[in-house]
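[1] build the 3D model from these lines:
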Amino acid sequence: MKSNITQIKQRVNALLKELERIEAQELADKDMFPLSELRERVTRYVKENDITIDTFCELAMISKATLYAAFNSPSSTKRATIESIISVFGNYTLYIGRADAS
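    Numbering: from 1, shown residues only. The predicted structure is shown next:
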């Protein structure tokens, strides 16, 4: 009986590792980024679309001061503000997740 339990545990562990690999690949395939990269993403968007920060703020319906406050302290920025900013990028959704342990 113990041998069956050991085999089942080994199979479950193998399946969990495979699930983790699949989840990691799915995340890699999505254009996801942490809030700490908000400034980079906005800067890239502005350059790629040949617009000004002022225009970006108009599109996000926020003030320039609000945008710069979000750049300086993204983790304490209101959710609605973050959602306004990412709405300019297109079809983005705000996700909450655990910080990477590494």
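[2] and Asp31, how far from Arg44?
    11 Å (Cβ to Cβ, to the nearest Å). Heads up, the C-betas are built off the backbone N, CA and C, glycines and all.
[3] of those two, who's got more company?
    Arg44 (12 against 8; other Cβ atoms under 10 Å).
[4] helix, strand or coil for that one?
    Of the three states, Arg44 takes helix under DSSP: H, G, I helix; E, B strand; the rest coil.
[5] quickly note the distance from it to Ile51.
    12 Å.
[6] equivalent analysis for Val12, please.
    51 Å.
[7] compare these two (neighbour count), which wins?
    When Val12 and Ile51 are compared for neighbours, Ile51 comes out ahead with 14 against 10, by other Cβ under 10 Å.
[8] what's near enough to touch the more buried one?
    Leu59 (Cβ atoms under 8 Å, 6 or more residues apart in numbering).
[9] what average pLDDT does stretch 63-70 get?
    What stretch 63-70 shows for mean pLDDT is 97.
[10] could you pull out the buried residues of it?
    66-67, 69-70 (16 or more other Cβ atoms under 10 Å).
[11] so what's the residue positioned nearest the centre of the chain scoring on pLDDT?
    Nearest to the mean C-alpha position of the chain, by Cα atoms, centre = their mean, lies Phe33 at 3.5 Å. For Phe33, the model assigns a pLDDT of 84.
[12] with Ser73 instead?
    On the pLDDT scale, Ser73 gets 93.
[13] quick check: the gap between it and Thr66.
    11 Å.
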